[in-house]
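[1] Here's a sequence, model it:
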Amino acid sequence: MKTLLYFSIIILALIGCNSGKTVMTDKNPDKIATNDTVRIANDSLEYEILIIEPGFNNWLVTQPPRGYFGITYLETKNRIWTTEYNTRAMGIGANQNLYEQTINYDPNIDYGLEVNYLLYNYFVYFQKTYNQRFIGGRQ
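    Next up, the predicted model:
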């Protein structure tokens, strides 16, 4: 049985919030975004990242492009921020409504630029949107 590394970041919208329906397609059929959901999957690497966050797609297009930050920088930030996020998700001094589940990020796996870029930007978005501060600060 394959080991499936599953990132999922789900933050529920407030009652009455409607993010609208947005469908984005790309030349890569594995990348699909609907209802402010970003999904990147690669079966050969056995990972999937889902980001379901109202407003994230609109915010993401205003950020520096892929390649602006080096892969080492992104991996370092993601390793540190995932550790802190997971600590908070396990209930250690955090709002459980914001940190609903942990993120399985293994620093020994090469996820590539796309996954690291999206995860990094999700953490920046999360910190700014919910007025949170992780070790190492915002962007």
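
[2] how about the strands in this protein?
    When assigned using DSSP state E, the strands of the chain occupy the ranges 5-10, 23-24, 32-34, 37-42, 47-52.

[3] Could you pull up the mean pLDDT of the first one?
    So the one you mean is strand 5-10. Mean per-residue pLDDT for strand 5-10: 31.

[4] go on, the fourth one?
    Along strand 37-42, the predicted confidence averages to a pLDDT of 60.

[5] Hmm, residue 126 and residue 132 touching each other?
    Yes: between residue 132 and residue 126 there is a contact at 6.4 Å, judged by Cβ atoms under 8 Å. Any C-beta I mention is one placed from the backbone N, CA and C, and that applies to glycine too.

[6] who touches both of the two?
    Contact criterion Cβ atoms under 8 Å, 6 or more residues apart in numbering; residues shared by residue 132 and residue 126: residue 98.
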